[in-house]
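Novice: sequence unknown, structure follows:
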């Protein structure tokens with residue numbers, strides 16, 4: 001007997017031949033020759049690897065490849081993590097007024113740096129400066145693209161090649177391993193630590209000031225807490241020291257709030273206006289955290305210092321674009337009416353939702369989610385705690401409610417695998433759903449889900465799709 005002849009895959013057709021097929025011509029008419037050709041070459045490589053064996057499969061591959069390429073990388077998701085200001089998920093959701101303002105200036109020309117009354121060149125900060133000053137009591141203000149940039153800019157503009165005095169207990173690290181000492185180095189400042197990790201006194205600052213001192217810096221430790229035998233110096237005490245020695249005082253608030261959060265039943269957070277009223281010269285804070293606006297770093301304070309900051313070459317490199325400024329202005333305008341503020345700013349609305357309201361949303365969602373998850377899982381309503389997020393009040397938790405999914409398997413390893421696979425299924429939905437796995441369960445915290453209708457419709461639509 002002789003060995004059977006080896007089976008060979010059919011040779012792939014020539015590129016020019018495939019491009020003349022009616023199906024490929026239709027794709028070219030819709031998407032253009034360049035994209036189709038790129039996808040076809042990828043398909044032919046799969047044919048040579050034995051993964052495609054006929055003409056129909058090749059056309060299908062090219063079509064799906066194009067669809068994948070044209071699917072936007074950044075997509076809306078359902079944030080059911082329980083973290084309201086989730087950095088990885090875009091932080092603060094914008095109010096409709098901000099979205100409308102961005103749309104209005106996005107389509108064409110705008111008076112970004114053009115003064116309409118005089119017909120001369122204007123300043124882009126003018127669109128938001130008056131509102132920031134009105135809401136904080138600052139003499140002047142400027143805006144850059146995030147709060148880390150704001151800190152970098154202020155340090156460089158006010159204390160370049162000089163010492164910046166800061167408490168050792170406030171040498172923070174923010175997300176992405178960005179550390180305050182590193183920012184100081186990039187700003188061309190010299191760090192001068194005073195005090196200890198847990199205790200810093202007034203005398204530490206006073207004794208640290210010398211002829212090389214350019215700035216006193218106090219950092220609000222919003223992303224961690226030191227408890228126990230502690231001591232820190234207040235803004236008012238530091239302001240007195242700074243005034244006596246004629247050295248500017250800067251406070252980095254990080255999150256930054258324009259209103260008293262306690263009045264909304266939320267944990268206390270420093271209010272920008274109150275900090276400035278204590279004699280602080282410059283305050284920096286974020287636009288996309290507790291304020292509820294777009295990503296921005298806001299710098300507010302003394303007019304002469306803000307003028308120096310604006311003249312820094314870094315200001316141009318770090319400035320905001322027209323979309324950010326339009327959105328920020330729209331959000332700041334909402335703060336003019338405290339009576340409607342919570343209802344109109346999504347971040348504040350989500351943070352102030354009651355546990356009973358959230359439980360009602362979870363109860364509506366539960367049946368559709370159970371049907372979608374299948375018989376391998378059981379679902380119920382479970383009390384949980386949400387976080388504000390983005391370094392804001394990390395030890396403070398908000399009572400919430402989640403739909404809890406757990407595997408019906410008795411095998412621990414199998415349960416763990418099934419939960420991971422279920423979380424992956426949720427992420428593959430048309431609008432991905434992001435939850436969290438904890439305590440042998442998949443939790444979908446409903447604090448940020450004000451209406452379950454769209455999510456329920458998505459579950460029904462996915463169940464109706466034929467399974468592969």
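Specialist: Here it is on my side, so go on. Note that the structure is predicted; figures quoted are calculated from it, not measured.
Novice: Who are the contact partners of residue 370?
Specialist: For residue 370, the contact set (C-beta atoms under 8 Å, 6 or more residues apart in numbering) comprises 377-379. Any C-beta I mention is one placed from the backbone N, CA and C, and that applies to glycine too.
Novice: With residue 241 instead?
Specialist: Residues in contact with residue 241 (C-beta under 8 Å, 6+ apart) are 202, 205-206, 209, 216, 247, 249.
Novice: Please pull up the helix or strand immediately following the longest helix seen in the chain.
Specialist: Across the chain, the longest stretch assigned as helix under DSSP state H is helix 355-373. The C-terminal neighbour of helix 355-373 among helices and strands, as given by DSSP states H and E, is strand 377-389.
Novice: Return the distance of that next one from the chain's centre.
Specialist: The chain centroid and the centroid of strand 377-389 are separated by 22 Å under C-alpha atoms, centre = their mean, to the nearest Å.
Novice: what angle sits between that strand and helix 355-373?
Specialist: 140 degrees (axes from the mean of the first three to the mean of the last three C-alpha atoms, to 10 degrees).
Novice: Just the buried residues of strand 377-389, please?
Specialist: Across strand 377-389, burial judged by 16 or more other C-beta atoms under 10 Å covers 377, 379, 381-382, 384, 386-389.
Novice: Identify the farthest-apart pair in those residues.
Specialist: 377 and 388 (29.8 Å; C-beta to C-beta).
Novice: quick one on the thing from earlier: out of the buried residues of strand 377-389, the closest to residue 48 would be?
Specialist: Nearest member of the buried residues of strand 377-389 to residue 48, counting by C-beta to C-beta, is residue 377, at 41.9 Å.
Novice: residue contacts, the residue nearest to that closest one when sequence neighbours are not counted?
Specialist: Excluding the flanking residues, the one nearest residue 377 by C-beta to C-beta, 6 or more residues apart in numbering is residue 405, at 5.0 Å. Residue 405 makes contact with 369, 373, 377-379, 419, 422, 441-444, according to C-beta under 8 Å, 6+ apart.
Novice: pLDDT wise, what is residue 405 at?
Specialist: Looking at residue 405, its pLDDT is 97.
Novice: Which one (most neighbours) among the contacts of residue 405?
Specialist: Across those, the neighbour count under other C-beta atoms under 10 Å reaches its highest value at residue 444, namely 29 neighbours.
Novice: any idea how far that one is from residue 352?
Specialist: 20 Å (C-beta to C-beta, to the nearest Å).
Novice: Check residue 294 too.
Specialist: Residue 294 is 21 Å from residue 352, by C-beta to C-beta.
Novice: out of the two, which sits in the more crowded spot?
Specialist: More crowded of residue 294 and residue 352, by other C-beta under 10 Å: residue 294, with 23 against 15.
Novice: buried stuff in the longest strand along the chain?
Specialist: If you go by DSSP state E, the chain has its longest strand at strand 392-407. By 16+ other C-beta under 10 Å, the buried positions in strand 392-407 come out as 392-393, 398, 400-407.
Novice: And stretch 449-464, by the same measure?
Specialist: Buried residues in stretch 449-464 (16+ other C-beta under 10 Å): 449, 452, 455-456, 458-459.
Novice: hang on, the earlier thing: distance from the following helix or strand past the longest strand of the chain to the middle of the chain?
Specialist: As assigned by DSSP H and E, the chain's next helix or strand after strand 392-407 is helix 412-427. Put simply, helix 412-427 sits 26 Å off its chain's centre (C-alpha atoms, centre = their mean).
Novice: May I ask which helix or strand encompasses residue 314?
Specialist: Using DSSP H and E, the element containing residue 314 is helix 313-318.
Novice: Skip ahead from that helix and say which helix or strand is next.
Specialist: The helix or strand immediately downstream of helix 313-318 is helix 322-334, counting by DSSP H and E.
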